[in-house]
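A.B. asks: Here's my sequence, what's the structure:
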Amino acid sequence: MQVARNLADLRAMRRKTTAQLAADVKRLGVPMSASTITKIEKQGRRVTVDELVALAAALDVSPVTLMLPAADPGGSVMLTPRLRAYGWGGAWRWMHGDDPLVVDGIEGAGHFQWLAANHPYMTKEMIKEMIDRIVFSQPATTTEIVGDEDDGSSG
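C.D. replies: Below you'll find the model as predicted:
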């Protein structure tokens, strides 16, 4: 839902028609028609990772800009149908690789390991300097897994 809304908003801001955007995406190696863009914007079709990257490049934004709300909704942000992040800024920091996401039942790495894994272009010294400069306002973004794992479809 968020990708659909952001795609429509960004396309309008860039003053591109669906045909123009489709042509730009196609030039990037991802076949897409104007009607496909319309379907995505109307939530009638999901987006593949390749399409997300090509759409973001064609709109001159990072893929995360299509995935998260542009403004703070004043509450939680759904990252998946069942994973809710509390804090809009925390969701953005996680998507940018600046802060870890803590999920109950999933063991995470320490900050150094996490930053190293999410910034492979940085040397150990650069990461240490980054850690020294960063003041974490929270240890991590608080999350919640919503809904029951058993959806009732089994026997």
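
A.B. asks: quick check: longest helix of this protein.
C.D. replies: The longest helix of the chain (DSSP state H) is helix 2-13.

A.B. asks: Report all helices and strands that the strand or helix carrying Gly90 contacts.
C.D. replies: In this assignment (DSSP states H and E), Gly90 forms part of helix 88-95. On a contact count with 3 or more C-beta pairs under 8 Å, 6 or more residues apart in numbering; DSSP states H and E, helix 88-95 meets helix 63-67, strand 141-145. The way it works is simple: take the backbone N, C-alpha and C, and place the C-beta from them, glycine included.

A.B. asks: Would you map out the domains in this protein?
C.D. replies: Per automatic domain parsing, the structural domains of the chain span 2-67, 76-145.

A.B. asks: got these as a markdown table, with mean pLDDT columns?
C.D. replies: A markdown table is the format used below for the domains of the chain (pLDDT from 0 to 100):
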| stretch | mean pLDDT |
| --- | --- |
| domain 2-67 | 98 |
| domain 76-145 | 79 |
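
A.B. asks: tell me the most buried of those?
C.D. replies: Highest mean neighbour count among these (mean count of other C-beta atoms under 10 Å): domain 2-67, with a mean of 16.

A.B. asks: how long is that one from one end to the other?
C.D. replies: Start to finish, the residues bounding domain 2-67 are 6 Å apart (C-alpha to C-alpha, to the nearest Å).

A.B. asks: One more: stretch 51-69?
C.D. replies: End residues of stretch 51-69 are separated by 19 Å (C-alpha to C-alpha).

A.B. asks: what sits up against it?
C.D. replies: 2-3, 6-7, 10-11, 14, 16, 21, 24-25, 28-30, 32, 40, 47, 77, 88, 91-92, 95-96 (C-beta atoms under 8 Å, 6 or more residues apart in numbering).

A.B. asks: which residues sit in contact with the closest residue in space to Ala34 that isn't next to it in sequence?
C.D. replies: Computed as C-beta to C-beta, 6 or more residues apart in numbering, the closest residue to Ala34 that is not its neighbour in sequence is Thr18, at 3.8 Å. By C-beta under 8 Å, 6+ apart, the contact set of Thr18 is 11, 34-35, 37-38, 41.

A.B. asks: coming back round to it: next SSE downstream of the longest helix of the chain?
C.D. replies: With DSSP H and E, the next secondary element past helix 2-13 is helix 18-27.
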